[in-house]
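Trainee: Here you go, sequence then predicted model.
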Amino acid sequence: MSTHADATKLRLTGVTKSFFTPRTGTTTLAVAEMSLDIQGGEFICIVGPSGCGKSTVLNMIAGLDSPSSGRIEKDGQGITGPGADRGVMFQDYALMPWQSVEGNVGFGLRHGTPGQHLNASQRQERIAHYIDLVGLRGSEHKYPHQLSGGMRQRVALARLLANGPDILLLDEPLGALDAQTRLILQAELLRIWGETAPVSERKTAIFITHDIEEAVLLADRVVVMSTNPGRVREVVTVDLPRPRAGTARTNPKFGLFVEHIWSLIRDEAYRAIGGAASADPASHQATH
Amino acid sequence: MWTAAFWLSPGKTQGVDLPKSSAILLLQAYRPMWVSLRAFAGFFLLWWLLYLWNGNPLQLPSPVKVFEALWKLLREGEIAEHASVSTLRMLTALCLAIAVAVPLGFLMGLSRQAQQFIEPLVEILRPISGIAWLPLALFIFGVGDTLPVFIMFYVGFFPILLNTMAGVKQTDSRLLAAARTMGVRPLPLLLYVLVPSALPTIMVGIRLAFAASWAAIVAAELIGAPSGLGFAIEWYRQLLMTPKVFAFILAIGVVGYLCDVGLRALQKRLTPWAEGSGVAS
Amino acid sequence: MKNTGNESSTFIIVRNLTLPVLLIVLWQLWALALPTGSPAPTPIKVVQTLGELLSKGDLVSATVQSLGRVLTGFSVASMLGIVLGLIMGSSQAVRENLDPIIESFRPIAPMAILPIAILLLGTGTPTALAIVAYASFFPVVVNTVHGVSHVDRKLILAARTMGISRLSILTRVVLPGALPSILLGTRLAMGVAWTAIIAAELAVGAKSGGGGSGGIGQMMFVFYAYNIDLNAIVVCMTVVGLVALCIDQIFRMLEKRLTPWRQES
């Protein structure tokens, strides 16, 4: 823990978000009164049933949307819009189909703010470095439609990192991949994020997922949200030792964390798929 | 093989497995070409039979005569002359249409207000086909070069405008969001995200515009121009030199086909990442 | 037109009419600045002419005549086109053999066939019908082939596993599956047919010295070359546009009614 006066990287205070539908004249409260402090170098996962506002919160942190009330501050300053300091990785990659791998990874460096102070050869170096880091060397000139899902996700990751953000926002980045690819990329993500490096050298990461096991594997803390309206149910601190890539799943505490979090959202998840919570025999057992 | 409709035996694959001798392999490699040749041979045979049955060479000439006329016209350069005139007019009209419709399409695609304001006028003018403008245009421009170009411009304008607008509006908002999170400012956003994203649809619009314009040029030149392929058809009809009429009709088809091939190649070159377009009409 | 839900319909109508009305007003002002006796069309005179032509019945009869020809030519071409499209769509062998020919004729516009048609059929209704049929044929065939050949093979396999007879598969799986494309083809064909009839009547009117082919296209030509009346031409143009719009709307409604399961693309 830092003894710095205010090491809080990101602070949400009383953030709410409501949407107004003109057609029906109704206002829906998507996120209600959310407050959260995130330290620099932390890996935070947000889990919750569908519709609990996870993506809405991420969009607000990214600056793509603004809260209806409350404040979001990064390094003590309010957030006013999107910027390269908060990089986003989307679920469907959002790669430019007309650019090659090299063009996509370098897109922000060439056309946005991150690369403004670099000259062309410095940009090239940076691009090559990150393509190498995610293990795509040799595919620089391929186009997205020629790549597999896993490769596309790595391009998106390389692009994210090449822009040098200090906060990484990842919206269900592994959701569209098959289970085995997901396992591989989880390990890759931890490695690239710097699991083995000291905290001060890591980037802050906020990762949204449906997969509870994934959340427990990756995160320092798991923010469990409930739905209707979206709010923080509990913040679970996952104190499993790092590095986790090969070891976490066999740790007995892993399963306990997973069950605990599942018990928090199980009922709502059942309701979300139109079933009754009492149908699940496991819900009759106390797990925490 | 001929009557194997796919819904009669959906599980079976088409074709028979022959032992592969080298001759068969050669045939299979160039199969599409053989099939096309055979189809055309059948077509010309049918034509020739019809010619014999019809008996009036002024109405329906023999295919042989038509090819003779075609060869003669090609050698004398007359086809090249009229074809280049028509093609030049078409290119002029197409470039003009692109120059006006693409920016307007971007404006209407980006600004809801602009679209709501301008679209009604577009929807009113669009059903009035270019052909319907012929008499009025004839009065304004008279017989000459401007008339075909104007008609073709009008005809080509709408597909390009509508496709540009659609292309802009269909831009994946995630791509725009992604670019914004990289700190990309509005102008680079337009140039480096919106334009490339809309380009495939715009190219489809251009191809549609070409097809429509090429059809319109015949009518325009038939009635209102002193030169060009459309003019040539009518000219030789009045002289009752029917083989030449047929020859020029063939030329219209060939030039149209070649231009479309050229446009498709351009499309492939400019937008290599887009999959093939759906069925045209 | 687009409605974001919080605008009144009057506002929308006013907004839709703004640009067209503005242009008409400018047109009229421009016309006022012309010397009297100028043949240029003006909005006011156009409306007057509309009234005259309607009361004389010429406009209606010409339109009906053109529509009749379109429907006849379209019907013949559609029937041929759908049947041929079904056969071609079902059998790859047939498709391979006929496709080169059909594709070769596509860049040859209906109007290019006109001189041949005149040579073979003279300058009357048969020629106009031939042009319309030629024009309507291609959209119908191309779209029918596309629709039939793209029927999901899995649906057919599923039907077979339910013991459905071959004929029923054709009528209950293939045809409904291809129907959206077929209807699209007919809608496009009608549009092309209407344009073609106007063009054909115009050109035939030009070639036959203003006599006997009838129809609204020919009427336009007469007003251009013989009873020069530009206002009447504008009236005809408007009618052409209106009819095109109506035809399109009717066919769209038909599409919706006959294929309610289709999603908007």
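Mentor: Great, that's in hand.
Trainee: What are the boundaries of the strands in the chain?
Mentor: Just going to use chain A. For chain A, the strands defined by DSSP state E occupy A:8-21, A:26-39, A:43-47, A:69-74, A:77-78, A:86-89, A:167-171, A:204-208, A:221-226, A:231-237.
Trainee: Packing partners of the shortest one?
Mentor: Judged by 3 or more CB pairs under 8 Å, 6 or more residues apart in numbering or on different chains; DSSP states H and E, strand A:77-78 has no packing partners among the helices and strands. Where you see a C-beta, it was placed from the backbone N, CA and C, and this is true even at glycine.
Trainee: Could you spell out the sheet neighbours of that strand, each with its direction?
Mentor: Using DSSP bridges, strand A:77-78 pairs in its sheet with strand A:69-74 (antiparallel).
Trainee: what comes up buried for stretch A:229-249?
Mentor: The neighbour-count check on stretch A:229-249 (16 or more other CB atoms under 10 Å in any protein chain shown) flags A:229-233, A:236, A:238, A:240, A:244-245, A:248 as buried.
Trainee: CA-only coordinates of it in PDB, if you can.
Mentor: These are the backbone C-alpha positions of stretch A:229-249, laid out as PDB (Å, rounded to 0.1, in the frame of the first residue of the first chain):
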ATOM      1  CA  PRO A 229     -31.100  -0.500 -10.700                       C
ATOM      2  CA  GLY A 230     -27.400  -1.200 -11.000                       C
ATOM      3  CA  ARG A 231     -25.500  -0.800  -7.800                       C
ATOM      4  CA  VAL A 232     -22.600  -2.200  -6.000                       C
ATOM      5  CA  ARG A 233     -23.600  -5.200  -4.000                       C
ATOM      6  CA  GLU A 234     -20.200  -6.100  -2.500                       C
ATOM      7  CA  VAL A 235     -16.600  -5.600  -3.200                       C
ATOM      8  CA  VAL A 236     -14.700  -8.900  -2.700                       C
ATOM      9  CA  THR A 237     -11.000  -8.700  -2.100                       C
ATOM     10  CA  VAL A 238      -9.200 -11.700  -3.800                       C
ATOM     11  CA  ASP A 239      -6.100 -12.200  -1.800                       C
ATOM     12  CA  LEU A 240      -4.800 -15.100  -3.800                       C
ATOM     13  CA  PRO A 241      -1.000 -14.900  -4.400                       C
ATOM     14  CA  ARG A 242       0.400 -13.700  -7.600                       C
ATOM     15  CA  PRO A 243       1.500 -14.900 -10.200                       C
ATOM     16  CA  ARG A 244      -1.800 -16.700 -10.600                       C
ATOM     17  CA  ALA A 245      -1.600 -18.000 -14.200                       C
ATOM     18  CA  GLY A 246      -0.700 -21.600 -13.400                       C
ATOM     19  CA  THR A 247      -1.500 -21.800  -9.700                       C
ATOM     20  CA  ALA A 248      -4.700 -20.000  -8.800                       C
ATOM     21  CA  ARG A 249      -7.300 -22.500  -9.900                       C
END
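Trainee: next one: that stretch to chain centre, how far?
Mentor: Stretch A:229-249 sits 13 Å away from the centroid of its parent chain (CA atoms, centre = their mean, to the nearest Å).
Trainee: which stretches of chain C have low pLDDT?
Mentor: C:1-7, C:207-213, C:263-265 (pLDDT under 70).
Trainee: Taking the centroid of it, which residue is nearest it?
Mentor: Centroid-nearest residue in chain C: C:Gly191, 1.8 Å away (criterion: CA atoms, centre = their mean).
Trainee: Is there proximity between the host helix or strand of it and chain B?
Mentor: According to DSSP states H and E, C:Gly191 maps onto helix C:175-207. Yes - contact of helix C:175-207 with chain B (CB under 8 Å from any CB of the partner chain) involves C:181, C:185, C:188, C:194-195, C:198-199, C:202-203, C:206-207.
Trainee: Please tell me how far C:Leu23 sits from chain A.
Mentor: Look at C:Leu23 and chain A: by CB to the nearest CB, to the nearest Å, they are 32 Å apart.
Trainee: Any residue of the helix or strand that residue falls within touching chain B?
Mentor: Using DSSP H and E, C:Leu23 maps to helix C:9-32. Yes - judged by CB under 8 Å from any CB, helix C:9-32 comes into contact with chain B at C:15-20, C:23.
Trainee: residue contacts, the residue of the stretch 101-250 of chain C found nearest chain A?
Mentor: As assessed by CB to the nearest CB, chain A sits closest to C:His150 within the stretch 101-250 of chain C, at 21.6 Å. Taking CB atoms under 8 Å, 6 or more residues apart in numbering or on different chains as the criterion, C:His150 is in contact with C:178, C:181.
Trainee: I'd like to know which of the residues of helix C:9-32 next to chain B are buried.
Mentor: Applying 16+ other CB under 10 Å to these flags C:16, C:19 as buried.
Trainee: need the contact list for the residue of chain B found nearest chain C.
Mentor: Nearest to chain C, among the residues of chain B, is B:Gly256, at 2.9 Å (CB to the nearest CB). By CB under 8 Å, 6+ apart, the contact set of B:Gly256 is B:211, B:214, C:107-108.
Trainee: what kind of secondary structure is B:Phe210 in?
Mentor: helix (DSSP: H, G, I helix; E, B strand; the rest coil).
Trainee: actually B:Ser227, not the one I typed
Mentor: coil.
Trainee: Would you confirm that it contacts B:Ser84?
Mentor: No - the criterion here is CB atoms under 8 Å, and B:Ser227 misses it with B:Ser84 at 9.9 Å.
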